[in-house]
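1. sequence unknown, structure follows:
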């Protein structure tokens, strides 16, 4: 699925992702600095019902958000020097079965992260972002179909 998303569209687009992934999903967010990965993560988490502020986990590597029957983990691996650091922070202790993982800079955690259900690729466009969602599991493919139907409605 490909979409052109403006800054004003991002909250609604994030909400549609959150609603589709409410049963759990691992999303890798790829793109250069300033593409909107954190903004989309914030929109997904708020769309799931989180009413407080959503902090960027740039320095903490992960911020958990406990929601009704679901946990959203927002990872930002930009400052990770070595994938092994994820082992030291206890990456294996983060449950992925009843959670949404939003992972910025997943390439920094290669070999230590679970496989994604959805890869979100950001590219620049004039006054907007081109966002492509790619399914990497049956669950991810079904979730993308749900997002497409909600977004195109």
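-> Looks like it came in fine. Small disclaimer: the values here were computed from a predicted structure and weren't measured.

2. CA atoms for contacts and neighbours, from now on please.
-> Fine.

3. for the protein, which spans come out with low pLDDT?
-> Applying pLDDT under 70 to the chain flags residues 59, 125-126.

4. break down it into its helices, ranges please.
-> 10-20, 37-47, 84-88, 138-152 (DSSP state H).

5. any chance of these in a markdown table with distance to residue 26 as columns?
-> Output for the helices of the chain, formatted as a markdown table (distance: least, C-alpha to C-alpha, whole Å):
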| stretch | distance to residue 26 |
| --- | --- |
| helix 10-20 | 11 |
| helix 37-47 | 12 |
| helix 84-88 | 16 |
| helix 138-152 | 8 |
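
6. so which of the ones you listed is nearest residue 96?
-> helix 138-152 (13.1 Å; C-alpha to C-alpha).

7. count the neighbours of residue 100 for me.
-> By the criterion of other C-alpha atoms under 10 Å, residue 100 has 25 neighbours.

8. tell me the contacts of it?
-> 21-22, 24-27, 70-73 (C-alpha atoms under 8 Å, 6 or more residues apart in numbering).

9. restrict those to the buried ones and give me that as a ChimeraX selection.
-> Buried residues among those (16 or more other C-alpha atoms under 10 Å), as a ChimeraX selection:
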select :21,22,24,25,26,27,70,71,72,73
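
10. tell me the one among the contacts of residue 100 nearest to residue 151.
-> residue 21 (14.0 Å).

11. thinking again about what came up before, what's the farthest-apart pair in the contacts of residue 100?
-> 27 and 70 (15.0 Å).

12. so for the protein, the centremost residue is which one?
-> With distances taken as C-alpha atoms, centre = their mean, the residue of the chain nearest its centroid is residue 102 (2.9 Å).
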